[in-house]
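S.K.: give me the fold of what follows.
(one chain, ligands or ions: 1)
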Amino acid sequence: MATEPKKIIIDTDPGVDDAMAILLALRSPEVEVIGLTTIYGNVYTTLATRNALHLVTKTRFSLFVSVVFYWFVNLEIAGRTDIPVAEGSHVTITQGTKLRIADFVHGADGLGNQNFHPPKGKPIKQSAADFIVEQANLYPGKITVVALGPLTNIALAIQQDPAFVKNIGQIVILGGAFAVNGNVNPAAEANIFGDPDAADIVFTCGADVVAVGINVTHQVVMTDADRDKLVCSNGKYAQYLCKILEVYFSYHHDAYSTKGVYLHDPTALLVAVNPSLFTYMEGVIRVQTSGITRGLTLLYNKQKRFAEITEWSDKPSVKVAVTVDAPAVVKLFMDRLMDS
Ligand SMILES: O=c1[nH]cnc2c1ncn2[C@@H]1O[C@H](CO)[C@@H](O)[C@H]1O
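M.R.: Numbers count the residues shown, from 1 in each chain. You can find the predicted model right below:
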């Protein structure tokens, strides 16, 4: 008997690699995207919502213009108006308004400075946290949240509903830098740095949590040659991605001197699609919430019993990805987008 696709909610701050992950999810029969929730990070939340709607729906044009220009401007990205988009928090869990926005990685519009037309769709009335809580209640144990940005919405869901931790199936987190340098500064990875207090709440909440840090995603590189292959393919999503990739590629060339880009968000998405592409270890993660190492993720691997009670004692364990079959991840990503 065919297994039912896993229901996933993607919490996202699109974002070029978010766009990659969302389109990959839509091409993955193992999962069913039941909603997108938005958050600040790569862009502010308002723009994240607009970009999420742009990715799943159509742009605002008259039928006539759409028909005439369809092939030139590729108006329709996914045409999935059935997927609800719920807008998330505009501030951190501590009501902080000084947000770190990574537009220099993704372009001012978050999607490679393409300045797409406004999307036709509208977000639903529910907030991101309300939507996540509602779905977890509707399908206890069956929903996976794939969190691709700062963790504010997920922390709000935890605070809002005492049953959420029990009801949510799994939370896959793209975030953290486990025993390696961060990408905001030597201590912190961008998503955790975005809301360290929220991250600490989520990592210690007791749900089934899997963290995929940049120690893993930095092994997964889409090369310039891969990009050329996408350009040459007829895949609809491949063609779309090639349009938005330029800024992301040039940022990586400048910042890392790599001949390619890191596939952060698509890699994390694939934990929900095919967890066997990774190996994991278990331990307790705490997040530094102040000082010069704010946003640092520190995993206690339980190999030593400390004499004293520590801030890690009696906290629930989570899974952390430690290795990845990087060639298989890149191949799956390429194949599914070229065949779209
Ligand atoms: O150098 C960077 N600074 C800030 N954000 C980044 C950088 N590189 C990638 N990302 C974004 O943050 C997440 C991974 O940490 C990814 O979602 C990526 O889009």
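
S.K.: relative to residue 118, how far out is the residue in the stretch 151-300 of the chain that the ligand sits nearest to?
M.R.: Going by Cβ to the nearest ligand atom, the ligand is nearest to residue 190 of the stretch 151-300 of the chain, at 3.4 Å. To be clear about C-beta, it is placed using only N, CA and C from the backbone, and glycine gets the same treatment. Separation of residue 190 from residue 118 (Cβ to Cβ, to the nearest Å): 27 Å.

S.K.: neighbour-wise, which of these two wins?
M.R.: Between residue 190 and residue 118, counted using other Cβ atoms under 10 Å, the more crowded position is residue 190 (23 against 11).

S.K.: residues from the stretch 1-150 of the chain in reach of the ligand?
M.R.: 15, 17, 42, 102, 105, 148 (Cβ under 6 Å from any ligand atom).

S.K.: quick one, what contacts the nearest residue to the fifth one once chain neighbours are set aside?
M.R.: Right, the one you point to is residue 105. Leaving out its chain neighbours, the residue that sits closest to residue 105 by Cβ to Cβ, 6 or more residues apart in numbering is residue 251, at 5.1 Å. With contact set as Cβ atoms under 8 Å, 6 or more residues apart in numbering, residue 251 has these partners: 104, 105, 106.

S.K.: straight-line length of stretch 189-208, end to end?
M.R.: 21 Å (Cα to Cα, to the nearest Å).

S.K.: try stretch 290-300
M.R.: Termini of stretch 290-300 sit 19 Å apart (Cα to Cα).

S.K.: what do you get for stretch 113-126?
M.R.: For stretch 113-126, the end-to-end distance is 29 Å (Cα to Cα).

S.K.: how about that stretch, which residues are buried there?
M.R.: For stretch 113-126, a neighbour-count test (16 or more other Cβ atoms under 10 Å) marks 116, 119, 121, 123, 126 as buried.

S.K.: next one: phi and psi at residue 36?
M.R.: phi -120, psi 140 (degrees, to the nearest 10).

S.K.: residue 56 is in contact with that one, correct?
M.R.: Yes: Residue 36 is in contact with residue 56 according to Cβ atoms under 8 Å; the separation is 6.6 Å.

S.K.: neighbour-wise, which of these two wins?
M.R.: Between residue 36 and residue 56, counted using other Cβ under 10 Å, the more crowded position is residue 36 (32 against 23).

S.K.: enumerate the positions of stretch 264-284 that are buried.
M.R.: Buried-residue list, stretch 264-284, by 16+ other Cβ under 10 Å: 264-274, 277-278, 283-284.

S.K.: and those, which is closest to residue 132?
M.R.: residue 272 (14.8 Å; Cβ to Cβ).

S.K.: ok, now which ones touch that closest one?
M.R.: Contacts for residue 272 (Cβ under 8 Å, 6+ apart) come out as 6, 8, 30, 31, 144, 146, 170, 172.

S.K.: buried ones among those residues?
M.R.: Using 16+ other Cβ under 10 Å, the buried ones in the contacts of residue 272 are 6, 8, 31, 144, 146, 170, 172.

S.K.: rebuild these as a markdown table, extending it with distance to residue 160.
M.R.: Output for these, formatted as a markdown table (distance: Cβ to Cβ, whole Å):
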| residue | distance to residue 160 |
| --- | --- |
| 6 | 24 |
| 8 | 20 |
| 31 | 25 |
| 144 | 19 |
| 146 | 20 |
| 170 | 19 |
| 172 | 20 |
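
S.K.: in strands only, show me those.
M.R.: 6, 8, 31, 144, 146, 170, 172 (DSSP state E).

S.K.: let me know the closest of the contacts of residue 272 to the ligand.
M.R.: residue 146 (11.7 Å).

S.K.: wait, the closest one touches residue 175, no?
M.R.: No: using Cβ under 8 Å, residue 146 is not in contact with residue 175, being 11.4 Å away.

S.K.: next SSE downstream of the lowest-mean-pLDDT helix or strand in the chain?
M.R.: Among the helices and strands of the chain, helix 63-73 carries the lowest confidence by mean pLDDT, DSSP states H and E, at a mean of 48. Sequence order places strand 85-86 as the next helix or strand after helix 63-73, per DSSP states H and E.

S.K.: how distant is that following strand from the center of its chain?
M.R.: Counting by Cα atoms, centre = their mean, to the nearest Å, strand 85-86 is centred 15 Å from the centre of its parent chain.

S.K.: who are the packing partners of it?
M.R.: Strand 85-86 is packed against strand 31-38, helix 45-56, helix 128-138, with contacts defined by 3 or more Cβ pairs under 8 Å, 6 or more residues apart in numbering; DSSP states H and E.
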